[in-house]
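**Q** Need coordinates for the below:
(one chain, ligands or ions: 2)
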Amino acid sequence: MIDQFGRTVRYLRVSVTDKCNLRCVYCMPLEGLDWLKREEILTYEEIAEVVRTMAGMGLERVRITGGEPLIRRDLSDLVKMIADVPEIEDLSLSTNAVLLADQAEALKQAGVQRLNISLDSLQADRVDAISRRPGSYSKIMEGLDAAEEVGFAPLKINVVLIRGQNDDEIEDFARITRERPWHIRFIELMPTGANLDLSANSFVSCADALRRVRKIEQLEPVDGPFGNGPATYYRFPGAPGTVGVITPMSHNYCDRCNRMRLTASGQLRPCLFGDIETNLRDPLRAGQDLRPLIEETLRIKPERHYLIQGSAAGSGGLVALSQTGG
Ligand code: SAM
Ligand code: SF4
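**A** Ligands and ions are numbered 1, 2, ... in the order given. Presented below is the predicted three-dimensional model:
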């Protein structure tokens, strides 16, 4: 699948639910969103059908995300169905890890190869405050331990930088990579409809983060762990882990975008932002061939995102990343 700008798409991020058990300050409003109705959400069989169709067109990698994917019942069943598609070489999952302790083993057995875990602070009270769910820190720690015990590697840890809430922990996160084989990825806060004040007033650039990390010790640029995503990686000499930065605001990486997104309601989105999406669900339920729709979506994949700090315009009406899977 090659788009009009010469980018090859081999990667699909699949959101399995728009709901979440957390309310991260930068993502979801405290009161939640207008949730999709059950019948609007793709079944596992329908998701697998989309993946099989795209696999026949060049898809090789799938990431399961949400909302929080682990709140959807029997997620391992979907994992197995996707893992059974011969063309899919890489199957990964993004989670907040709150429910991971109980599911890590089953997910590994079913075929999840890699995990990305969101962890915005190393301090219990801060995690609870940022996620606006008391008690989440201890659950997340149990989840992280379970992930390591069952052998998930590499573990990528996503940290969204928020001025005044976790930016004084940049050095602490970076130091972990000297002890553990974790790949800490600092992410620049992106503006969406629900977080315009926060994203405008509490933005921290990854350049700032790197400047601070470099004061600890010199960093060497390295190839990242398998994944080939938007992050740029560095390492302290001899460290088992890496420090990565994801810079959607300061340096967009749209020119090497290799992905499309399938929302929980079956909309195929060629870009995380903007308002372009193709309804695959209804044609799928009507027994139509999805290939022409997928080809057309690829054809109109935008050259880049147009996010603007302090404005909802650039995100194309997107209220929260949980709606598209981030
Ligand atoms: N619930 C799962 C989780 O938190 O990992 C998966 C979905 S979440 C939408 C995917 C990623 O998007 C997380 O790493 C989260 O921190 C990130 N994210 C959400 N809203 C964001 C925003 N406004 N700016 C930057 N990253 C954001
Ligand atoms: Fe939930 Fe993930 Fe959004 Fe946090 S970032 S509210 S865990 S979907």
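**Q** need the contact list for whatever residue of the chain ends up closest to ligand 1.
**A** Nearest residue of the chain to ligand 1 (Cβ to the nearest ligand atom) works out as Gly326 at 2.9 Å. Where you see a C-beta, it was placed from the backbone N, CA and C, and this is true even at glycine. By Cβ atoms under 8 Å, 6 or more residues apart in numbering, the contact set of Gly326 is Arg13, Cys27, Thr65, Ser94, Leu272.
**Q** State whether the second one and Ser322 are indeed in contact, as I suppose.
**A** Read it as Cys27. Yes - counting by Cβ atoms under 8 Å, Ser322 is a contact partner of Cys27 at 5.6 Å.
**Q** shared neighbours of these two, which are they?
**A** Contacts common to Cys27 and Ser322, judged by Cβ under 8 Å, 6+ apart, are Cys20.
**Q** count of residues packed around Glu220?
**A** 12 (other Cβ atoms under 10 Å).
**Q** got it, and Glu45?
**A** 10.
**Q** Assumed it was part of a helix.
**A** Yes - secondary structure of Glu45 (DSSP: H, G, I helix; E, B strand; the rest coil): part of a helix.
**Q** With adjacent residues omitted, what lies nearest to it?
**A** Met81 (7.4 Å; Cβ to Cβ, 6 or more residues apart in numbering).
**Q** cool, Pro270 as well?
**A** Nearest to Pro270 is Lys301, by Cβ to Cβ, 6+ apart, at 3.7 Å.
**Q** That neighbour contacts Gln4, correct?
**A** Yes - using Cβ under 8 Å, Lys301 is in contact with Gln4, at 7.4 Å.
**Q** Looking at the two, which one has more neighbours?
**A** The residue with more neighbours, out of Lys301 and Gln4, is Lys301; 21 against 11, by other Cβ under 10 Å.
**Q** Check whether Ser94 sits in a helix, strand or coil.
**A** Here Ser94 is recorded as strand under three-state DSSP.
**Q** repeat for Phe186
**A** Phe186 is classified as strand under three-state DSSP.
**Q** Which of the helices or strands spans the closest residue to it other than its chain neighbours?
**A** Among residues not flanking Phe186 along the chain, Ala209 sits closest, at 4.7 Å (Cβ to Cβ, 6+ apart). According to DSSP states H and E, Ala209 maps onto helix 206-216.
**Q** Quick check: which helices or strands does that helix pack against?
**A** helix 170-179, strand 182-187, strand 242-246 (3 or more Cβ pairs under 8 Å, 6 or more residues apart in numbering; DSSP states H and E).
**Q** same for the following helix or strand past it, what does it pack against?
**A** Going down the chain from helix 206-216, the next helix or strand is strand 220-222, by DSSP H and E. Other elements packing on strand 220-222 under the criterion 3+ Cβ pairs under 8 Å, 6+ apart are strand 232-235.
**Q** what mean pLDDT does stretch 311-326 have?
**A** If you average the pLDDT over stretch 311-326, you get 73.
**Q** Could you grab the helix/strand/coil label for the closest residue to Ala207 other than its chain neighbours?
**A** The spatially closest residue to Ala207, leaving aside those adjacent along the chain, is Ser250, at 6.2 Å (Cβ to Cβ, 6+ apart). Of the three states, Ser250 takes coil according to three-state DSSP.
**Q** so Ser250 touches Cys206, yeah?
**A** Yes - assessed by Cβ under 8 Å, Ser250 is found in contact with Cys206 at 6.4 Å.
**Q** Give me the common contacts of those two.
**A** By Cβ under 8 Å, 6+ apart, the residues touching both Ser250 and Cys206 are Glu188.
**Q** Out of the two, name the residue with the larger neighbour count.
**A** Neighbours were tallied for Ser250 and for Cys206 using other Cβ under 10 Å; the higher tally belongs to Cys206 (25 against 12).
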